[in-house]
Structure formats: C-alpha cells, structure tokens
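[1] Have a look at this fold, sequence not included:
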C-alpha cells in the first residue's frame, strides 16, 4: 500500500490529523490553555483541605466543634527535665532550680503563654526522676514552627547551666521546625531531580536531544496546566500539598510515557521509509489510540479514590485524574502538531553511539526492530508456555504471600523517622516517663452551660474514672473555654507510642468511661480525638472504602478493556495480570517494611508496619499505570493479528517490537519512584519502593513473560466475544487502514476471528 493510501479512522487519528494540518493553531491553543490555566489558577488561589474535613467519625465531629466555636488551638510545647543520675529526684534543690530557670527562660522570650510548673500541675513521673514544664506558643499554630527558635535557644541555655540534668523541648512547633529543617528540602530535591533523571534516560533511549526533550516538555506543560486547574477546582473540592506531590509524580510518569509511545511509533515508521506525514498518521491511529484507551483507564482508576470519603484521598484522586486527562489530550493533539512542524529535525542533537542509526539497521522495516534480549526470552516462553505460566505466576504469588499478614497503621514518630533526629529520642523519653503524654487523647466537651453543676460533676467523674479504669495513668488536664461553653480534656493513654495498646485504652475511654460519666448529661457532646483516635478513625473509614473502591476500579477497567478490544478474554486476563502485579507489590512492601527482610538496604529497619493510606493508594495508582504497558503491548499484538499474522506470531511481534519503548518507560518510572524511596520519611520511602518494585515487575515478568505465555496458551480464544455481547459499542476502529482493510482474519478452521 502506498503512502498516499494510508488512511486512518477514529478519534485519535482524527485529532492527530487535524493537528498535523493546523500545526500552528494546535500549538497556539495548547500554549494558550497552559498559560490561562496557570494564570487563572494563580489568581484564584488554592483552597486546602481543612482539618475538620480530613476524616469522618469522632475526629471530624471534634474538629468541627472547635472550628464552629472559633477556637484556635495553640501549638503546645513541653520541656522535659530529667535527672541523668538514677538517684536524682524532682524534689532536689538543683532540679527545682532548673524548673524555675526553664519557666523564666521561656517566659522571657515573649513568644509563649500559659507557662505551667510541674509542681503546680503534678506533671512529675511516677519514679520522680522526670518533670514537664508546659506552655503554649503565641499566634497561629500552623506557623508556630517559624517562631519557636528563640524558645529552643532559651531551653538550650538552661541545659548548659545544669549538666547533671537532661533538659529538652518537644511539641508541635518544635517538631515542625525540626522536620522542616531536616526534610524540608528533601521533597523539593526529589521533585526537582525527577525531571533531569527522566531526561537523561530519554537521551539514552532516543540518542537525540530534541526527541528526548519533547516528552519532558509535554509532561511539564501538563503538570503546569494542572497546577492551575487545581487552584480553580479547589474552590469546589479542596486540594492539599500531598495531592500536589502525587499529581507531579503521576503527571511526569504518564506524560513521558504517552509521548514516548507516540514518538517511538512515528520514528519507527519514518525509519521504514514512510514519509513524515504518513508516519505521523499511522502513529496517531495506533499509538494515539493506545494512549486514549490507557488514559481513560488510568482516569477511571484514579476516580476510585473519590469513593473513599476521605478528603485527602479525594484531593489526590481528582488531581491525578486531571493531570492524566491533560497529558492524554496533549499527547494526541499538540504532540502531532509539534512533530509535524519539526519533521526530520526531531533528530537534531544526535548523540554519538546512542542514536538509532548507529544501533539499528536502516533497511529493516518498521515493526521488525526487535530487541535481541526479548526475542531470546520470547522464544523460550512461546516454546513452553505452560512452564512459563506456572513459573512466573508461582513466583509472583510467592512474592505476594507476605501481604496476607499486612499490618497497617499511622506511623509513630520513631517509626517514621527512626532515631536519626534528637527530637525522636526526646519523644521516646517523654513517652517512657509519661505514657501517652506526648500525644494524649483529647475529649472535646460541648454543653449548653459548661459550668452547670451536672457538667462539672461529669467532668470530675470522667477525670477520675479515666485513671481508675486503667485507660490512663494521668495527669488528666481540663482546659475550659467558658465563652464558647466548651472544655478540652487531655488524657494521656496507657500504651503511649504503642498504637495497639494505646488503641485499647482509647476504646475503654470511648466505650466505658465516657458513657458512664459524660454520657449521662443530656445534650452534652464529647467526641474523642487525638493522634491515636485519628489513626483508628482513619483505619475504620479506609476499611469501609476498600470494597467499593476495588469494585469500582476493577469493574470499570474490565468494561473499558472489553469495549476497547472487543474481547472478553483480553478483558479478563488484563484484570487478573494487573491484580497479580499489585499483589506482588504488596508482598514486597510487607516483606521489607513489616518483616524487615532486606530493610537495611533501603534504610527501613524497625518500622514494623505499613502506613495506613498506602495499600489503597498503591492499588489505584498501580492499577492505572500498569494499563499503560498492557494497552500498548496488546494493541500492537492485535494490530499484527489484524494484518493476518497467526496469534503466536502476533504475540512475538507485539512484545518484541514494543520492548524498547516499554523498557524505556519503565526505567523512567522506576528511577523517578526510586528517588522517593531514598527520602528519610518512611511513609514516602514505602511509597517509592512499592511503586518502583511494582512497575519493574509489571514491565518484566508480567508483560515480558506471563502475558505472552497466557496469550499463547489461549490462542485464538484471545479474541473471543460471546454473540450476546456483539451489540456493545465498537471502540476498536482506530486502526491504520492497512490493518482494517486487510482480509478478514480467520482461524485454522475457517471461522471468522472476532477481533
């Protein structure tokens, strides 16, 4: 078929064709869109998720009561004064002098209020060796970390004068400052290094500067536009910094991937002797179609996070959905226009020894540029598909096995950061001396009259019963806000930083102590919040969201694959293979971070649990991203089958000819995600390791071994579609004319193949 006869149909093909014919208009519209989105978003500003909207349950109710009352809780700080000598006591003269010096020093900064002495509040440990001076930071709690430096220096000054004692400060403000100083640049460096890493890999993959720059520029422009859109959308659904980081990760991954798929196919066709415009039309009809199918599937997966009922997840899901949509639209519109404008100049800036001309034989036709490594692997896989399925599936199931015992929880300070920071050691010492004192449960009591006799009596009973029940060892502190008829009750929980034991203490407070005391006062509200309560409520909410999110993502992904390939078999195998990939990622996470197998290699010793939000987050992200490769490979196999190849030949052709682009895309994703695996925070490390491991497994074992082996075993049944499903919409028409107009493929018995 001559170049002039290569006609294409379908949405991707029409979009690519229009852009190629109206090159400057397409580029101009895209630039205008990016500039307008960013400008309008900046002007509108971003509305972030409120604390009161972060969770459901009691923690949400408590935050809402405080917010409605207009009470701004200050950032509370404590100074631990502890005798280094086992014989030292809080009653010693030197100890008393140190307490007085700390009180005077922090008050002298003018940055604090409500300073209390341990001798007045009875915040002295049972062994008498430790005491707490407590106070609040003046001003907004969110920015207290910026103002706490003079207070920390004042406490350090007292420490220098009392060498026999340990004098250390800890609290919300000091922890925020410490983490900001230690890790504030961590994320920024990771995010900034992701782009150069991706560009470096693309330079190796393409061997030309211009070709390597295009995917990065498309991804960055999609991210910039989405940042602006997030500002606009946040006025309807609030966003967050976490959502912004996730959006950047996902946007870079899919933006580069989509452009990579398109560019490699266009380049392949030109190397086969096609003229640039024909090569572009074929790329639009084939890779363009794969991008749309993949993009819509990823969007559906991301939309699953909207069903969690958790504001943070909803923000991450919507932000990810938007950046994928923008990257997908950009790939099938402005990218063809840019390629049309550049023509052969896309090969500018050739790098010696890396450019394809020095590695590939020009005379070999497009579609035959096969990876030697994957050709050798495929030869063995297709020769013994049963053995390949058993070995590959068995290996993945073995890797996934540890996930059966997965333990999830919100990580405590020492789990999140280890002992690398002095403040973590202070946190542990406070918890040892005052179990639960560093992060007590907070009971937010609202009544019609907080000073009514029945209310004050119930508060006194609650305080006494909290200790006598064994839920707390005290001291229980009550802070009244008379004008708002609200009381804050702070209850240190037995169990301290052990969330399992502290959770049992919380259950006692909620299920036994509260009903027997505060619960007897009509019209009184007393939701219990705090870190332990927040972790429990978050887990409960997330547990309730797992089934609907899983069901939504799996069912819609199945339907999309069914409509896109008109094959029940392809749809089923797609879901099964993706679930295997996710399961293997779970297994690796549990093995490394929970059981500690190889934890020293990634700096994850002693974590012992998986951060609560990660399993569902990984499922949604991985299920979406893994469809990139799956759709791209299966589309190429289907295209070859439509051209009249046997299914086995089509599998061989599809896998080995896509191996280069899939490998390049996977290496970029693994490298970007691995950067986050090097961060000091264990939650980010877990996310990075989980994503990197899953993508690596998906691009190798799944796409290179298991997928071709399963398809080889199924043979012509890969294209099976029951007659009762023939009425489904046909979304398979975005193929090149030489595929669509080829003689109808038939199996060995002369029956029409349903493709």
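    Right, received. Where do you want to start? Given the structure is predicted, the values throughout are model-derived calculations rather than measurements.
[2] In terms of helices and strands, where is residue 77?
    Element membership of residue 77, judged by DSSP states H and E, is strand 76-83.
[3] and that strand, what does it pack onto?
    Under the contact criterion of 3 or more Cβ pairs under 8 Å, 6 or more residues apart in numbering; DSSP states H and E, strand 76-83 touches helix 93-108, strand 130-137, strand 165-171, helix 172-206, helix 422-433. Heads up, the C-betas are built off the backbone N, CA and C, glycines and all.
[4] And the strands in the stretch 451-600 of the chain?
    Here the stretch 451-600 of the chain has its strands, by DSSP state E, counting those that start in this stretch, at 477-481, 486-491, 528-529.
[5] Tell me which of these is the most buried.
    Counting by mean count of other Cβ atoms under 10 Å, strand 528-529 has the highest mean neighbour count of the strands of the stretch 451-600 of the chain, with a mean of 24.
[6] thinking again about what came up before, would you list the strands of the stretch 451-600 of the chain in CSV and tack on distance to residue 433 and mean pLDDT?
    Converted to CSV, the strands of the stretch 451-600 of the chain look like this (distance: least, Cβ to Cβ, whole Å; pLDDT from 0 to 100):
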stretch, distance to residue 433, mean pLDDT
strand 477-481, 16, 88
strand 486-491, 16, 92
strand 528-529, 24, 92
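[7] The ones you listed: which one's closest to residue 257?
    strand 528-529 (41.9 Å; Cβ to Cβ).
[8] Residue 135 is nearest to which of the strands of the stretch 451-600 of the chain?
    strand 477-481 (12.9 Å).
[9] In contact with residue 686, which residues?
    Listed by Cβ atoms under 8 Å, 6 or more residues apart in numbering, the contact set of residue 686 reads 589, 593, 604, 607, 610, 611, 614.
[10] helix or strand for it, which one?
    Going by DSSP H and E, residue 686 is in helix 682-697.
[11] Just give me how far that helix sits from the chain centre.
    In this view, helix 682-697 has its centroid 10 Å away from the chain centroid, taken as Cα atoms, centre = their mean, to the nearest Å.
[12] Can you name the next helix or strand after it?
    helix 707-714.
[13] Now do the buried residues in that next one.
    Within helix 707-714, the residues that qualify as buried are 707, 708, 709, 710, 711, 712, 714, counting by 16 or more other Cβ atoms under 10 Å.
[14] What of stretch 488-508?
    Buried, per 16+ other Cβ under 10 Å, within stretch 488-508: 488-499, 501-506, 508.
[15] what's around residue 386, how many residues?
    10 (other Cβ atoms under 10 Å).
[16] do the same with residue 100
    14.
[17] Same check on residue 93?
    Count around residue 93 with other Cβ under 10 Å applied: 7.
[18] next one: residue 150
    Around residue 150 there are 15 other residues, counting by other Cβ under 10 Å.
[19] show me the contacts for it.
    Counting by Cβ under 8 Å, 6+ apart, residue 150 has contacts 109, 111.
[20] Let me see the confidence value for it.
    Model confidence at residue 150, given as pLDDT, is 93.
[21] quick one: residue 648 and residue 381 touch, right?
    No: using Cβ atoms under 8 Å as the test, residue 648 is too far from residue 381 to be in contact (10.9 Å).
[22] which neighbours do those two share?
    residue 712.
[23] More neighbours: which of these two?
    residue 381 (25 against 14).
[24] The helix or strand harbouring that one vs helix 707-714, what angle?
    Using DSSP H and E, the element containing residue 381 is helix 372-383. Interaxial angle of helix 372-383 relative to helix 707-714 (axes from the mean of the first three to the mean of the last three Cα atoms, to 10 degrees): 30 degrees.
[25] Buried residues of helix 372-383, list them for me.
    By 16+ other Cβ under 10 Å, the buried positions in helix 372-383 come out as 374, 377, 378, 381, 382.
[26] Then stretch 582-596?
    582-594.
[27] Out of these, which is nearest to residue 453?
    Using Cβ to Cβ, residue 594 is the member of the buried residues of stretch 582-596 that sits closest to residue 453, with 51.2 Å.
[28] Would you agree the closest one is in contact with residue 610?
    Yes: between residue 594 and residue 610 there is a contact under Cβ under 8 Å: 6.1 Å.
[29] Next, work out how far apart residue 271 and residue 279 are.
    9 Å (Cβ to Cβ, to the nearest Å).
[30] And those two? Which one has more around it.
    A side-by-side neighbour count of residue 271 and residue 279, using other Cβ under 10 Å, places residue 279 first with 23 against 19.
[31] ok, the more buried one - contacts?
    So residue 279 contacts 266, 267, 268, 269, 270 (Cβ under 8 Å, 6+ apart).
[32] Which pLDDT value belongs to it?
    pLDDT at residue 279 comes out at 84.
[33] Which residue, other than its chain neighbours, is closest to it?
    Once flanking residues are discounted, residue 279 sits nearest to residue 269: 3.5 Å by Cβ to Cβ, 6 or more residues apart in numbering.
[34] The one you found in helix, strand or coil?
    Recorded secondary structure, residue 269: helix (DSSP: H, G, I helix; E, B strand; the rest coil).
[35] What about it, how many residues nearby?
    By the criterion of other Cβ under 10 Å, residue 269 has 25 neighbours.
[36] Please name the residues that touch it.
    278, 279, 282, 283, 366.
[37] I'd like to know which of the residues you listed are part of helices.
    Taking DSSP state H as the definition of helices, the contacts of residue 269 contribute 278, 279, 282, 283.
[38] now the stretch 601-750 of the chain, which segments are flagged as low pLDDT?
    730-750 (pLDDT under 70).
[39] What's the local residue count around residue 207?
    Neighbours around residue 207, by other Cβ under 10 Å: 21.
[40] Can you report phi and psi for it?
    phi 70, psi 20 (degrees, to the nearest 10).
[41] Most distant residue from the centre of the chain?
    Most distant residue from the mean C-alpha position of the chain: residue 93, 53.1 Å away (Cα atoms, centre = their mean).
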